[in-house]
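Peer 1: need coordinates for the below:
(one chain, ligands or ions: 2)
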Amino acid sequence: MAPRQGPQAPLEFGGPLGAAALMLLLPATMFHLLLVVRSGPARLLGPPPYLPGLEVLWSPQALLLLLTWLGLQAALYLLPARKVAEGQELKDKSRLRYPINGFQALVLTALLVGLGLSAGLPLGALPEMLLPLAFAATITTFIFSLFLYMKAQVAPASALAPGGNSGNLIYDFFLGRELNPRICSFDFKYFCELRPGLIGWVFINLALLVQEAELRGSPSLAMWLVNGFQLLYVGDALWHEEAVLTTMDIMHDGFGFMLAFGDLAWVPFTYSLQAQFLLYHPQPLGLPMAAVICLISAIGYYIFRGANSQKNTFRKNPSDPSVAGLETIPTATGRQLLVSGWWGMVRHPNYLGDLIMALAWSLPCGVSHLLPYFYVLYFTALLVHREARDERQCLQKYGRAWHEYCRRVPYRILPYIY
Ligand SMILES: NC(=O)C1=CN([C@@H]2O[C@H](COP(=O)(O)OP(=O)(O)OC[C@H]3O[C@@H](n4cnc5c(N)ncnc54)[C@H](OP(=O)(O)O)[C@@H]3O)[C@@H](O)[C@H]2O)C=CC1
Ligand SMILES: CC(C)CCC[C@@H](C)[C@H]1CC=C2C3=C(CC[C@@]21C)[C@@]1(C)CC[C@H](O)C(C)(C)[C@@H]1CC3
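Peer 2: Ligands and ions are numbered 1, 2, ... in the order given. As a prediction, the model looks like this:
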């Protein structure tokens, strides 16, 4: 079954109306979270303590800091890489090349921040700048998405994504028209997906830890756990950077407002919510409970890493000894689907591991508030929706073989439940 493309592709996210609503809702949710987390009651569903005026949101220093950060990460991206990887085959049968130096960028950033700290860089002042920084990031992503939309106007048809080219301005602006927008070898989507937002997230967490130490003498055990788990997640993503080339975002989705805002604003400012919560609402955490949470995190990571690595190894080289013995289903495209190992347990074992980790990130915040569990709730919704999108795409790609896979592996994410 040939996938429908361009104006015939089925509309996702509720079409133009859904896209318009999400473009308002996502930034509004982000600002709501940033405001309620520092309020006394910290109620996820309550009203924000106040509605900030432009004088609170707008700060030229915050914009300058954001642009410096983006410039630094872009410079680190352009440094010589230990390896250059080839992406998946494109419509015109070509393959793009990607530098593998994300982990190096993380280490170099840590060294620079370390040097800055020893020279008196006031990292602990960053939490007070989160609102204006998030505002600067939101404006920047709107302008950047406009640039991406206009760049796609002059791109060849073969460079356009399967969705995101419906002809409706709002929908296409949101979803993104071009699959891999680039200037020379600088790939905007690949850069944004893994660098400024993801690395920014761990340094926001670190700044919250530093401020907690300044306020209370030392960081709490809960703050250490949240920082440690999320650093492991980001470090792992950058260590296995090449694996991002087989994700849905890189292979299928265009680069527009959804991913630009998601990567540059949503990830750093909402994924750091647990650490923000702990700064304003300290929580006691005993060693036995901390040990249980570490165990949950380790189980989640084991499933997440095992499943992702198994699929990536198999997609790169099906005769690799670690995957060669696994049972597979042939498909009409020549590619095969794994039906044993992690991918024989449920159809998205990697989502299951990621969700277990998400729970472990929130548990150090105790159970007195719903707010730090926002990530678990949002992430469940995101992955359930993402799974349904992927399922549709796989059905189009693999037809009967996909039906056979679903028959053999009936559960999507959670064995015997979903
Ligand atoms: N923290 C966050 O905010 C987010 C994290 N994630 C994480 O990112 C990771 C990547 O997720 P995502 O890109 O959504 O999806 P996947 O990495 O699960 O990729 C899905 C693709 O895998 C291939 N595939 C599916 N089933 C099989 C099988 N049985 N055998 C072999 N290949 C198969 C198909 O592509 P093909 O056959 O073409 O290779 C399918 O389209 C996940 O771990 C997820 O949890 C995702 C979103 C947000
Ligand atoms: C909120 C919006 C509706 C949607 C925004 C979604 C984005 C925030 C996420 C889409 C896919 C992502 C991935 C990661 C981060 C979040 C976004 C950008 C990821 C880089 C996190 C680290 C993982 O190890 C990964 C597998 C590399 C992830 C890839 C997908």
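
Peer 1: quick one: the closest residue to ligand 1 within the stretch 101-250 of the chain and ligand 2, what's the gap?
Peer 2: Proximity of the stretch 101-250 of the chain to ligand 1 (Cβ to the nearest ligand atom) peaks at Thr247, 3.2 Å away. Using the backbone N, CA and C atoms, a C-beta is placed for each residue, glycine as well. For Thr247, the distance to ligand 2 under the criterion Cβ to the nearest ligand atom, to the nearest Å works out to 5 Å.

Peer 1: what residues does the stretch 51-200 of the chain put near ligand 2?
Peer 2: Along the stretch 51-200 of the chain, the residues adjacent to ligand 2 under the rule Cβ under 6 Å from any ligand atom are Glu193, Leu194, Leu198.

Peer 1: tally of neighbours for Glu327?
Peer 2: 13 (other Cβ atoms under 10 Å).

Peer 1: which ones are touching it?
Peer 2: When contacts are counted by Cβ atoms under 8 Å, 6 or more residues apart in numbering, Glu327 is found next to Leu338, Val339, Ser340, Gly344.

Peer 1: count of residues packed around the residue lying closest to the last one once chain neighbours are set aside?
Peer 2: The shortest distance from Gly344 to any residue that is not its chain neighbour, by Cβ to Cβ, 6 or more residues apart in numbering, is 5.9 Å, and that residue is Val409. Here the neighbour count serves as a burial measure; for Val409 (other Cβ under 10 Å) it reads 21.

Peer 1: now do the contacts for Val409.
Peer 2: With Cβ under 8 Å, 6+ apart as the criterion, the residues that contact Val409 are Val339, Trp343, Gly344, Met345, Val346, Arg347.

Peer 1: list only those of those residues flagged as buried.
Peer 2: Of all the contacts of Val409 considered here, the ones buried according to neighbour count by 16 or more other Cβ atoms under 10 Å are Trp343, Gly344, Val346, Arg347.

Peer 1: out of these, which one sits closest to Leu414?
Peer 2: Using Cβ to Cβ, Val346 is the member of the buried ones among the contacts of Val409 that lies nearest Leu414, at 6.9 Å.

Peer 1: so that closest one sits against Ile413, correct?
Peer 2: Yes. Here Val346 lies in contact with Ile413, judged by Cβ atoms under 8 Å, at a distance of 5.8 Å.

Peer 1: and the helices in the stretch 251-400 of the chain?
Peer 2: 257-261, 267-270, 273-280, 287-316, 321-324, 349-362, 374-398, 400-408 (DSSP state H, counting those that start in this stretch).

Peer 1: adding distance to ligand 2, mean pLDDT and mean neighbour count, write those out as TSV.
Peer 2: As requested, the helices of the stretch 251-400 of the chain are arranged in TSV below (distance: least, Cβ to the nearest ligand atom, whole Å; pLDDT from 0 to 100; neighbours: other Cβ atoms under 10 Å):
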stretch	distance to ligand 2	mean pLDDT	mean neighbour count
helix 257-261	5	97	25
helix 267-270	5	98	23
helix 273-280	13	97	25
helix 287-316	7	95	17
helix 321-324	19	92	13
helix 349-362	8	97	22
helix 374-398	6	94	16
helix 400-408	22	95	15
